[in-house]
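1. Just need the structure, nothing else, for what follows:
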Amino acid sequence: MISRRDFLQVSMDASALVGASGFGNWGRLAAQQSLTQDQLLEFDTYGNISLIHITDIHAQLKPIYFREPSVNLGVGGNKGHVPHITGADFRRAYGIADGSPSAYALTHDDFSSLAQGYGRVGGLDRVSTVLNAIRAARPDALLLDGGDTWHGSYTCHHTAGQDMVNVMNALKPDAMTFHWEFTLGSDRVNEIVEGLPFAALGQNIFDSEWDEPAELFKPYKFFDRGGAKVAVIGQAFPYMPIANPGWMFPEYSFGIRDEHMQDMVDEVRAAGADVVVLLSHNGFDVDKKMASVVTGIDVILSGHTHDALPEPVLVGKTHIIASGSNGKFVSRVDLDVRDGQMMGIRHKLIPIFADVIAPDPVITKDHRRAARALCGPAGRGDLPAGFAALSARQFQRHLG
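-> Just a heads-up that it's a prediction; the model follows:
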């Protein structure tokens, strides 16, 4: 794996890929203890393709207080390397000032005191504002959801994921992959996926009886963007029946399936893909390993391990992006794709400071409309058993 120092050196070399991170700008502003929405969203549009990555939202519709971990264990050769550094070590690695908004967003130290000043993070109505700003600059930007989306909150549990499905549909993703969604049970997952207005991807989701790719989950999808052909390949969480009860999804099997992944990369390249993006829920270290054994992947949008990294990690020729969790960050990744290959990349990890970024009133209104519709006497009959115990006041409090 290339070091951060080597990555920065390579990015300045005129003969190499042109790469840049937008983190430094907002890091310097953070040290001034004053941030505005415009500053957080500032980005010089680059190249001809924009990717927007969100992952591991865990059904957090509203802003929350969220502290980054004080410990991040790395095993073997991963020990001591990002993302397995925290606190002061993390700040030193990225030049983050103590007590700054970036320190609050990305490390755990002095969290209680800093939280009093910087407040909550996330909220999908704030995320929507960020998406709208990116799309204003690049209308055909691809929004890619890394999974763990329809699970993890009180209201999501009581609506069998429907509150999140409705809001995510309003955000208009282009594709997603999966993990905890399967704990809704395969019947419910199948029902939702069949009605999605975007691609449900998983090259490693197989029919457990026949050991063949599951028909409902396509391995990849092509998108024409900026005069280039973008292939997005999905990778669901590989250890599903180990981490979650297998009886909830008996007809599906998973696994890393790196040989099948190589086949899919080769297939999309043969079909004319100019750039290959892996939308992954492997976890960061597994993605690093996959980047080292599967050739031809340009960008991995990594999920599952909740890591938030302000710069890409380069493994071979593959750039790995980690975008945090719980709606706390959005990653924007701009690519310069020409002559059938990726010539450059620019990336910005955008922290969703809920008191700085204005909520999108359309999404906020959708939250409240959902509360009224789902809690009204006529609406309760369509909800899962047990929802009757949830009062309208409770539901509205959780939705916003």
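
2. domain ranges for the protein?
-> When the chain is parsed into structural domains using automatic domain parsing, the resulting residue ranges are 37-68+122-351, 361-399.

3. I'd like the mean pLDDT over the first one, please.
-> Think domain 37-68+122-351. If you average the pLDDT over domain 37-68+122-351, you get 96.

4. do the same with the last one
-> Domain 361-399 carries an average pLDDT of 57.

5. Could you report the neighbour count for the closest residue in space to His81 that isn't next to it in sequence?
-> Nearest in space to His81, with sequence neighbours left out and distances taken as CB to CB, 6 or more residues apart in numbering, is Gly74 at 6.4 Å. C-beta here means a position set from N, CA and C on the backbone, and glycine is covered the same way. Applying other CB atoms under 10 Å, we find 15 other residues in the vicinity of Gly74.

6. isn't Gly74 right up against Asp285?
-> Yes. Counting by CB atoms under 8 Å, Asp285 is a contact partner of Gly74 at 7.5 Å.

7. So the residue nearest to His81 versus His179, what's the distance?
-> 21 Å (CB to CB, to the nearest Å).

8. Equivalent analysis for Ser331, please.
-> To His179, Ser331 is 18 Å away according to CB to CB.

9. Just the strands from the stretch 151-300 of the chain, written as ranges.
-> Applying DSSP state E, counting those that start in this stretch to the stretch 151-300 of the chain gives strands spanning 175-176, 199-200, 206-207, 212-213, 220-225, 228-235, 252-253, 275-280, 299-302.

10. contacting residues for His84?
-> Asn72, Leu73, Gly74, Asn78 (CB atoms under 8 Å, 6 or more residues apart in numbering).

11. To clarify, my last question referred to Ile205.
-> Residues touching Ile205, when contacts are defined by CB under 8 Å, 6+ apart, comprise Phe178, Pro213, Ala214, Phe217, Ala236, Tyr252, Phe254.

12. Just the closest of the residues you listed to Lys365, please.
-> Looking at those and their distance to Lys365, the nearest is Phe178, at 28.3 Å (CB to CB).

13. can you pull the buried residues of the host helix or strand of Gly117?
-> Gly117 belongs to helix 111-118 when elements are defined using DSSP states H and E. With burial defined by 16 or more other CB atoms under 10 Å, the residues of helix 111-118 counted as buried are Phe111, Leu114, Tyr118.

14. So what touches that helix?
-> For helix 111-118, contacts defined as CB under 8 Å, 6+ apart pick out Tyr65, Arg67, Gly99, Pro101, Ala103, Tyr104, Phe353, Asp355.

15. Throw those residues into a markdown table and include neighbour count, distance to Gly146 and secondary structure, thanks.
-> Listed next are the contacts of helix 111-118 as a markdown table, based on neighbours: other CB atoms under 10 Å; distance: CB to CB, whole Å; DSSP: H, G, I helix; E, B strand; the rest coil:
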| residue | neighbour count | distance to Gly146 | secondary structure |
| --- | --- | --- | --- |
| Tyr65 | 13 | 23 | coil |
| Arg67 | 14 | 21 | coil |
| Gly99 | 17 | 31 | coil |
| Pro101 | 25 | 24 | helix |
| Ala103 | 26 | 25 | helix |
| Tyr104 | 25 | 24 | helix |
| Phe353 | 22 | 21 | strand |
| Asp355 | 13 | 26 | coil |
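
16. What is the nearest of those residues to Phe90?
-> Nearest to Phe90, judged by CB to CB, of the contacts of helix 111-118 is Ala103 at 9.0 Å.

17. Tell me the secondary structure at the residue nearest to His81.
-> Assigned by DSSP: H, G, I helix; E, B strand; the rest coil, the conformation of Gly74 is coil.

18. In the stretch 151-300 of the chain, what residue spans correspond to helices?
-> Using DSSP state H, counting those that start in this stretch, the helices of the stretch 151-300 of the chain run over 154-158, 162-171, 186-194, 240-243, 258-270, 284-293.

19. Tell me which of those lies nearest to Leu314.
-> If we rank these by CB to CB, the stretch that ends up nearest is helix 284-293, at 8.8 Å.

20. which helices and strands sit right next to that closest one?
-> Contact partners of helix 284-293 among helices and strands, from 3 or more CB pairs under 8 Å, 6 or more residues apart in numbering; DSSP states H and E: helix 258-270, strand 275-280, strand 299-302, strand 313-315, strand 318-322.

21. what's stretch 67-77 in contact with?
-> Contacts made with stretch 67-77 from outside it, assessed by CB under 8 Å, 6+ apart, are listed as 79-81, 83-87, 105-108, 111, 285, 307-308.

22. quick revisit: including distance to Gly95, could the domains of the chain go into TSV?
-> Listed next are the domains of the chain as TSV, based on distance: least, CB to CB, whole Å:
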stretch	distance to Gly95
domain 37-68+122-351	10
domain 361-399	34
